[in-house]
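Visitor: Could you work out the structure for the sequence below:
(one chain, ligands or ions: 1)
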Amino acid sequence: MTTAKICGLSTPETVAAALTGGASHVGFVFFPPSPRHLSFDRARTLAEPVPEHVGKVGVFVDPDDSLLAEAIGAGRLDVLQLHKTPPERIAAIRARHGLDIWAAIAVRTRADLDVAARHRELADRILYDAKTPEGATLPGGMGVRFDWTLLDGYRHPLPWALSGGLDAGNVHDAIRQTRAPIVDVSSGVESAPGVKDVSRIAAFLAAVAKA
Ligand SMILES: O=C(O)c1ccccc1N[C@@H]1O[C@H](COP(=O)(O)O)[C@@H](O)[C@H]1O
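Guide: Modelled structure (predicted):
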């Protein structure tokens, strides 16, 4: 069965929608250029109602130790999702914080998948995400999708998850085609950048449950 992470939540109402709809994970972004960036106080409030069985994922872009320590404490994080973070830094973060690590791999071509294999001993899960355009402010959360057929026949080095441009209209096909164990969405359940929409969250989670 495929489960779902709803990422970039920033209000109690949308966290509640994710929990009611059966999300396995909720994502909190700690990256100031993002419209989904959270203060530590806001993260503390949002994490409060999340039950034990739902994973709280912090999303970071090559974070330093003080950001990680504050965010982990405020958001009571279970998982660190790391974008654009060099492998040796991932290893150091994992050793220091002892939390599950999801290494985000930016994918546009088959060659990009080679990066995933380098994380075999370093991460707990690979998150295949679409590569955003050259010069983009964000390495994710832009609704960009990659060619899912690149994963056909690919021997995954680790447990994995799929993200990039998913929404309620395409997630069924994404799951059927890739057999992703976890699907991850951000902009596909928004009405504007950074503005999550409870009905889109419900529709996405219903589509995942049906797939
Ligand atoms: O969402 C963000 O603002 C963000 C910022 C920095 C790194 C990653 C970010 N989002 C991640 O991007 C993917 C895909 O998003 P989308 O569904 O295509 O909008 C998702 O894993 C988010 O966690």
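Visitor: nearest spatial neighbour of residue 151, skipping sequence neighbours?
Guide: residue 178 (5.1 Å; Cβ to Cβ, 6 or more residues apart in numbering). Glycine gets a C-beta too; all of them are placed from N, C-alpha and C.
Visitor: For the one you found, the count of nearby residues, please.
Guide: Neighbour count of residue 178, defined by other Cβ atoms under 10 Å: 19.
Visitor: isn't it right next to residue 153, touching?
Guide: No - if you go by Cβ atoms under 8 Å, residue 178 and residue 153 don't touch, sitting 11.3 Å apart.
Visitor: list the buried ones in stretch 8-26?
Guide: 8-10, 14-15, 17-19, 21, 23-26 (16 or more other Cβ atoms under 10 Å).
Visitor: contacts for the strand or helix carrying residue 116?
Guide: Assigned by DSSP states H and E, residue 116 belongs to helix 114-117. Here helix 114-117 makes contact (Cβ atoms under 8 Å, 6 or more residues apart in numbering) with 103, 105, 126, 128, 156-158, 160.
Visitor: could you point out which element follows it?
Guide: Where DSSP H and E defines the elements, the next helix or strand beyond helix 114-117 is strand 125-130.
Visitor: do the helix or strand just after that next one and the ligand meet at all?
Guide: Where DSSP H and E defines the elements, the next helix or strand beyond strand 125-130 is strand 160-163. Yes - using Cβ under 6 Å from any ligand atom, strand 160-163 comes into contact with the ligand via residue 163.
Visitor: Remind me what strand 160-163 packs against, helices and strands.
Guide: On a contact count with 3 or more Cβ pairs under 8 Å, 6 or more residues apart in numbering; DSSP states H and E, strand 160-163 meets strand 125-130, strand 182-185.
Visitor: winner for burial among the ones you listed?
Guide: Comparing the helices and strands packed on strand 160-163 by mean neighbour count (mean count of other Cβ atoms under 10 Å), strand 182-185 ranks first with a mean of 26.
Visitor: so how far is the helix or strand of the chain at the bottom of the mean pLDDT ranking from its chain's centroid?
Guide: Across the helices and strands of the chain, mean pLDDT, DSSP states H and E gives its lowest value to helix 114-117, namely a mean of 88. Here helix 114-117 shows a centroid-to-chain-centroid distance of 18 Å under the convention Cα atoms, centre = their mean, to the nearest Å.
Visitor: interface residues of this structure facing the ligand?
Guide: Residues of the chain lying near the ligand (Cβ under 6 Å from any ligand atom): 7-8, 27, 29, 31, 34, 36, 59, 61, 83, 127, 129, 138-144, 163-166, 184-188.
Visitor: about what we covered before: dump the helices and strands packed on strand 160-163 into TSV; add mean pLDDT as well.
Guide: Below are these laid out as TSV (pLDDT from 0 to 100):
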stretch	mean pLDDT
strand 125-130	96
strand 182-185	98
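Visitor: can you pull the buried residues of stretch 130-150?
Guide: 130-132, 138-146, 148, 150.
Visitor: C-alpha coordinates for it, CSV please?
Guide: Extracted in CSV, the C-alpha atoms of stretch 130-150 (Å, rounded to 0.1, in the frame of the first residue of the first chain):
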residue,chain,number,x,y,z
ALA,A,130,12.3,16.5,-10.0
LYS,A,131,15.2,18.8,-10.8
THR,A,132,14.0,22.4,-10.8
PRO,A,133,15.2,24.8,-13.5
GLU,A,134,18.7,26.2,-13.5
GLY,A,135,18.9,29.2,-11.2
ALA,A,136,15.5,28.5,-9.5
THR,A,137,15.3,29.7,-5.9
LEU,A,138,14.0,26.4,-4.7
PRO,A,139,15.3,22.9,-5.2
GLY,A,140,11.7,21.5,-4.8
GLY,A,141,8.2,22.6,-4.2
MET,A,142,7.8,24.0,-7.7
GLY,A,143,5.4,21.5,-9.1
VAL,A,144,8.0,20.2,-11.6
ARG,A,145,7.6,16.5,-12.6
PHE,A,146,10.2,14.1,-14.0
ASP,A,147,9.8,11.3,-16.4
TRP,A,148,8.7,8.4,-14.2
THR,A,149,9.7,5.8,-16.8
LEU,A,150,13.3,6.6,-15.8
